[in-house]
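**Student:** Quick one: sequence and predicted model below, then my questions.
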Amino acid sequence: MPAVYPPKYVRNILVTLQARGHQAFLVGGCIRDMLMGRIPQDWDISTSALPEQVMEIFPDSEPTGLKHGTVTVKMNSRLAEVTTFRSEGAYSDHRHPDMVSFVGDLTTDLSRRDFTMNAIAFSPDGLMADPFGGVADIEKHLIRAVGEPQLRFEEDALRMFRAVRFSSRLGFEIEQKTLEAIRLKAPLAVNIAPERIRDEVQKILLGPAPEKVFQLIELGLMDSYLVSRPQLIDDGGSLTRLPKKALNRWTCFCVLLENYGCIDSVEEFLLKLKLDKRSVRVCRSAAKILTDPACPQTPVEWKRLLNKYGVDAVSCAAVCGDRLRDGNYQKQLKAVLKSGECFSLKHLAVTGKDLMELGLCGRDLGEMLLFLLDYVMEFPQFNKREILLSLAQGTEE
Ligand code: ATP
Ligand code: MG
């Protein structure tokens, strides 16, 4: 009997389906989590009822994935996904089944699932179906493919990433034959959309064992994104010590990859993985700051960095730098930001218009603004309109 029990609205859906003569079970991740005493993130229900029948029984439902037999049912204002037992045809593109057919059989439905721990069904009346030994594997902390691992990874290459992600999240080992199959089938990862790889990598980076991201690399799963693949990467625990923030962890990951010669350009790597433009910009700049051997020491140096790369990137570099270089960057940066001292043209006490009135224009005007900005970064007490105007006049004369 699982250690966690499904909430009432989920039990209601199951019981309603059963009362109408259909089989209905909880399946997938929620059973795994329940057996481990964890609260599941979502509740997936599998049923012998066809999608139209599910929608008829629950008028307050939405056909959210009819192609795959999925209907989202609303019960007591909560949502659960109800999917018809199904089997999948061949996977010619290593990503999606060519066809899906609805079958009246729970075991067939469980056999299409990725890992034994995710192929257990349970109904709250105590009925448990575990045709692939998932409960025993959960007890042994093992991730084992359902059926022949090589074939399962040939069908859907994303499963190889899921294996590593579950291993990092649950602290489970990947079973030997499943692991060997990943090594062999890793080249099929080229068929996976970069966005899906990015999402898997990010989930690992933000999980409890972010260093497992290097297992993806060691297994060859990221080869099409790297220029070289080292056998072993030891991050010295730096990823784990970072706050669970995507920008921090991506930056640190990129810096480590650069240090190991796995990538030539942070920007290219992240763009290829389809990270959003802002994240790419921040991570690229933060990585650049971190890979520069000269560390900022004085407030002026911090202000120059802030001016060049922006607050987000410098803050990200400071957080990572404290972990990667055992620095005291965050404290120094905080003091500079708190001082309110000027580090950008936006906060300079004179504007381009002021300088135009002094007769400056074009390139000279631009150069003068930069000169004044550099001056006030060094002498913040002089960021005053009259002083800067007379300085500009004096310099010009
Ligand atoms: P999480 O807690 O991360 O949501 P989960 O096990 O619920 O974990 P989902 O991606 O929500 O994972 O998928 C639900 C279930 O669908 C899985 O438990 C598994 O049985 C099945 N499944 C999902 N993706 C695949 C896949 N690529 N191949 C085979 N079965 C899959
Ligand atoms: Mg889930």
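**Tutor:** Noted; the coordinates are in hand. Numbers count the residues shown, from 1 in each chain. Ligands and ions are numbered 1, 2, ... in the order given.
**Student:** buried residues in stretch 369-376?
**Tutor:** By neighbour count on 16 or more other Cβ atoms under 10 Å, the buried set for stretch 369-376 is 369, 372, 373, 375, 376. In this view, the C-beta of every residue, glycine as well, is placed from N, C-alpha and C.
**Student:** I'd say the third one and residue 345 touch.
**Tutor:** Same thing as residue 373. Yes. Using Cβ atoms under 8 Å as the test, residue 373 is close enough to residue 345 to be in contact (5.9 Å).
**Student:** Which strand or helix spans the most centrally placed residue in the chain?
**Tutor:** The structure's the chain has its C-alpha centroid closest to residue 202; by Cα atoms, centre = their mean the separation is 1.9 Å. Assigning secondary structure by DSSP states H and E places residue 202 in helix 194-205.
**Student:** What helices and strands are in contact with that helix?
**Tutor:** helix 158-170, helix 213-218, helix 246-259 (3 or more Cβ pairs under 8 Å, 6 or more residues apart in numbering; DSSP states H and E).
**Student:** Check which helices and strands the second one is in contact with.
**Tutor:** For helix 213-218, the contact count by 3+ Cβ pairs under 8 Å, 6+ apart identifies helix 158-170, helix 194-205 as packing neighbours.
**Student:** mind putting those in CSV, distance to residue 363 and mean pLDDT included?
**Tutor:** Putting the helices and strands packed on helix 213-218 into CSV (distance: least, Cβ to Cβ, whole Å; pLDDT from 0 to 100) gives the following:
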stretch, distance to residue 363, mean pLDDT
helix 158-170, 52, 98
helix 194-205, 42, 98
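**Student:** Highest mean neighbour count out of those helices?
**Tutor:** Mean neighbour count, computed with mean count of other Cβ atoms under 10 Å, is highest for helix 158-170 among the helices and strands packed on helix 213-218, reaching a mean of 22.
**Student:** Give me the next element, helix or strand, following that one.
**Tutor:** Following helix 158-170 in sequence order, the next helix or strand is strand 173-174 (DSSP H and E).
**Student:** What residues does this structure have near ligand 2?
**Tutor:** Contact residues (Cβ under 5 Å from the ion) of the chain with ligand 2: 29, 42.
**Student:** thinking again about what came up before, so the residue nearest to the centre of the chain sits against residue 246, correct?
**Tutor:** Yes. Here residue 202 reaches residue 246: they are 6.1 Å apart, a contact under Cβ under 8 Å.
**Student:** Okay, now the unreliable bits of this protein?
**Tutor:** Per-residue confidence for the chain (pLDDT under 70) gives these ranges: 1-3, 396-397.
**Student:** what's the longest helix in the protein?
**Tutor:** helix 362-378 (DSSP state H).
**Student:** re the thing from before, distance to ligand 1 for the helices and strands packed on helix 213-218 - can I get that in a markdown table?
**Tutor:** Output for the helices and strands packed on helix 213-218, formatted as a markdown table (distance: least, Cβ to the nearest ligand atom, whole Å):
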| stretch | distance to ligand 1 |
| --- | --- |
| helix 158-170 | 5 |
| helix 194-205 | 8 |
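**Student:** out of those, nearest to residue 304?
**Tutor:** Within those, the stretch nearest residue 304 is helix 194-205; the backing value is 29.9 Å (Cβ to Cβ).
**Student:** starting at the chain centroid, how far to that closest one?
**Tutor:** The chain centroid and the centroid of helix 194-205 are separated by 5 Å under Cα atoms, centre = their mean, to the nearest Å.
**Student:** now stretch 75-82
**Tutor:** With Cα atoms, centre = their mean, you get 26 Å for stretch 75-82.
**Student:** residues in contact with it?
**Tutor:** Identification of contacts with stretch 75-82 by Cβ atoms under 8 Å, 6 or more residues apart in numbering yields 7-10, 12-13, 17, 24, 42-47, 49, 54, 58, 60-61, 64-65, 70-73.
**Student:** Make a PyMOL selection of whichever of those turn out to be buried.
**Tutor:** Remark: buried members of the contacts of stretch 75-82, expressed as a PyMOL selection using 16+ other Cβ under 10 Å:
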select buried, resi 9+10+12+13+17+24+43+44+45+46+47+49+54+58+61+70+71+72+73
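**Student:** Could you tell me which of the contacts of stretch 75-82 are located in helices?
**Tutor:** The members of these that map onto helices under DSSP H are 8, 9, 10, 12, 13, 17, 54.
**Student:** For ligand 2, state which of the residues you listed is nearest.
**Tutor:** residue 10 (13.4 Å; Cβ to the ion).
**Student:** can you tell me which residues contact the closest one?
**Tutor:** For residue 10, the contact set (Cβ under 8 Å, 6+ apart) comprises 26, 43, 45, 75, 78, 80.
**Student:** coming back round to it: how about TSV for the ones in helices among the contacts of stretch 75-82, with distance to residue 146 added?
**Tutor:** Below are those laid out as TSV (distance: Cβ to Cβ, whole Å):
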residue	distance to residue 146
8	31
9	29
10	24
12	30
13	25
17	25
54	25
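**Student:** give me the subset of these touching ligand 1.
**Tutor:** The subset of the ones in helices among the contacts of stretch 75-82 within reach of ligand 1, by Cβ under 6 Å from any ligand atom, is empty.
**Student:** Just give me the neighbour total for whatever residue of the stretch 1-150 of the chain ends up closest to ligand 2.
**Tutor:** Going by Cβ to the ion, ligand 2 is nearest to residue 29 of the stretch 1-150 of the chain, at 4.1 Å. Other residues lying near residue 29 total 18 when counted by other Cβ atoms under 10 Å.
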